[in-house]
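Undergrad: Task: produce atomic coordinates for the following.
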Amino acid sequence: MEIIFDDIGSYPLPEGAKDRVQQAFADKQYDDVSEVVCNAMRQKITAGVEIPAYPQFQDMNQQFLGIITDPESTEAPFLVKEDCANIIELQLLEPVAKEYLEENEERLKVRVCITGAIELYLKQFGGTEYSDILELFAQSVDRFVKSALNMKSSFDVTLISIDEPSIGINPDIMFDNDEIIRALDLSAKSSDVDTQIHLHSPLHYNIACESDSINVVGVESAANPDYLELVEKTDLEQYDTFLRVGVARTDIFGMTAELNEQYQINVWKETSRLNEIVTSMETPEVIAKRLKRAYTRFGDTIKYAGPDCGLGSWQYQDLTQKLLANTSRGITMFKEGTA
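TA: Prediction:
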């Protein structure tokens, strides 16, 4: 099976643009952020990401909660109207998609990340337990899925990701496994493409395996290689589920802490050493070896590979693009057998 390079979504803004972009989103002045979104997508494509996620510049919760909790956008409490379930950044990608189509004579493939029902519920209600409200959140998430897949555009949405970082980590989750599985089932019931779950811990990956709507489990295995020890290949095969393995570290503060200790400096202030993250730490060779180790254990159950998590905290776009380019080269080295 061909391993596909995708990314998680978030990306740093250009230097000095944060306040302007956040205000534009808040004021719904989307023309003011169109070029920022398009340029970030171009950088991902140039770096070699095969199915790039739309550049996610908004808070992962508020991006969706802002719509789901708006009375004018809902037909019932926490149930978004179908015609309001829009992902703005996705709609802004049309110029890039047209450029790609002209240059490559094929349509751009896009990954869509949507914050999951459990995550949204926790943000809104914390450690309470209202199963009926969780289902409404899940139905709303599915309406975002449906809207993305039905968009008339010059690109194809070929991959959906339901982002549920709290599963396996957050003790405030009061729902039992069956309730979580039902929420996952409802959250992407409209999806007819590969549908990932993005977890920060694979401790309860089997819950995702049991969901009829999820067919790919993501594991942040670059920074945490032991996470792969928690996953059983036989479980994946039993439930006809694939893996997305993290092969490039994204824990920028952990990596800069290592550089700070090595050189006894603060690399965020003395940035001359910051580039070592992509020249000596996260090199194509290191990334290729990670993928090779994962493949030795899981074989063709690995369908996707890329960075562990989003890259919004990386601060500098050039550094971020270099990591993506190294990831592309590392995956290619693995495929060519030069790892």
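Undergrad: Spatially, what comes nearest to Leu230 if we skip its sequence neighbours?
TA: Take Leu230 and drop its neighbours on the chain: the residue closest to it by CB to CB, 6 or more residues apart in numbering is Pro202, 5.0 Å away. Where C-beta positions appear, they are placed from N, C-alpha and C, glycine not excepted.
Undergrad: what's the answer for Leu243, then?
TA: Per CB to CB, 6+ apart, closest to Leu243 is Ile302, 4.8 Å.
Undergrad: Now do the contacts for the one you found.
TA: When contacts are counted by CB atoms under 8 Å, 6 or more residues apart in numbering, Ile302 touches 1, 3, 242-245, 291, 294-295.
Undergrad: Please identify which pair of those residues lies farthest apart.
TA: Maximum pairwise distance in the contacts of Ile302, criterion CB to CB, is 14.5 Å, between Phe242 and Leu291.
Undergrad: Quick one: the strands in the stretch 101-250 of the chain, in order.
TA: Assigned by DSSP state E, counting those that start in this stretch, the stretch 101-250 of the chain shows strands spanning 108-115, 155-163, 194-198, 216-219, 242-248.
Undergrad: right, and those strands - which one's nearest Thr338?
TA: When the strands of the stretch 101-250 of the chain are compared by CB to CB, strand 242-248 sits nearest Thr338, at 15.2 Å.
Undergrad: So what are the sheet partners of the closest one and their directions?
TA: strand 216-219 (parallel), strand 302-307 (parallel) (DSSP bridges).
Undergrad: With distance to Ile67 and mean pLDDT as extra columns, can I get these in TSV?
TA: Converted to TSV, those look like this (distance: least, CB to CB, whole Å; pLDDT from 0 to 100):
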stretch	distance to Ile67	mean pLDDT
strand 216-219	25	97
strand 302-307	27	98
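Undergrad: now those strands in CSV, with distance to Thr283?
TA: Output for the strands paired with strand 242-248, formatted as CSV (distance: least, CB to CB, whole Å):
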stretch, distance to Thr283
strand 216-219, 21
strand 302-307, 14
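Undergrad: Which among those is found nearest to Phe57?
TA: strand 302-307 (16.9 Å).
Undergrad: I'd like to check which residues are in contact with Asn170.
TA: Residues counted as contacts of Asn170 (CB under 8 Å, 6+ apart) are Leu122.
Undergrad: scratch that, Asp185
TA: Taking CB under 8 Å, 6+ apart as the test, what Asp185 contacts is 138, 211-213.
Undergrad: Redo those as JSON lines? Include neighbour count and distance to Ala222.
TA: Listed next are these as JSON lines, based on neighbours: other CB atoms under 10 Å; distance: CB to CB, whole Å:
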{"residue": "Ala138", "neighbour count": "27", "distance to Ala222": "30"}
{"residue": "Ser211", "neighbour count": "23", "distance to Ala222": "25"}
{"residue": "Asp212", "neighbour count": "13", "distance to Ala222": "29"}
{"residue": "Ser213", "neighbour count": "22", "distance to Ala222": "26"}
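Undergrad: which of these lies closest to Ala47?
TA: Ranked by distance to Ala47 (CB to CB), those are led by Ser213 at 29.9 Å.
Undergrad: in which helix or strand would I find the most centrally placed residue in the chain?
TA: The centroid of the chain falls nearest to Ile8 when counting by CA atoms, centre = their mean (2.5 Å). Under the criterion DSSP states H and E, no helix or strand holds Ile8.
Undergrad: Name the residues that touch the lowest-mean-pLDDT helix or strand in the chain?
TA: Between all helices and strands in the chain, the lowest mean by mean pLDDT, DSSP states H and E belongs to helix 18-26, at a mean of 93. Helix 18-26 has contacts (CB under 8 Å, 6+ apart) with 13, 29-30, 32-33, 36, 57-58, 88.
Undergrad: Hmm, Leu186 is touching Leu136, no?
TA: No - if you go by CB atoms under 8 Å, Leu186 and Leu136 don't touch, sitting 9.4 Å apart.
Undergrad: for Cys38, what are its contacts?
TA: So Cys38 contacts 92-93, 95-96 (CB under 8 Å, 6+ apart).
Undergrad: again, but for Ser313
TA: Ser313 sits in contact with 10, 12, 252-253, where contact means CB under 8 Å, 6+ apart.
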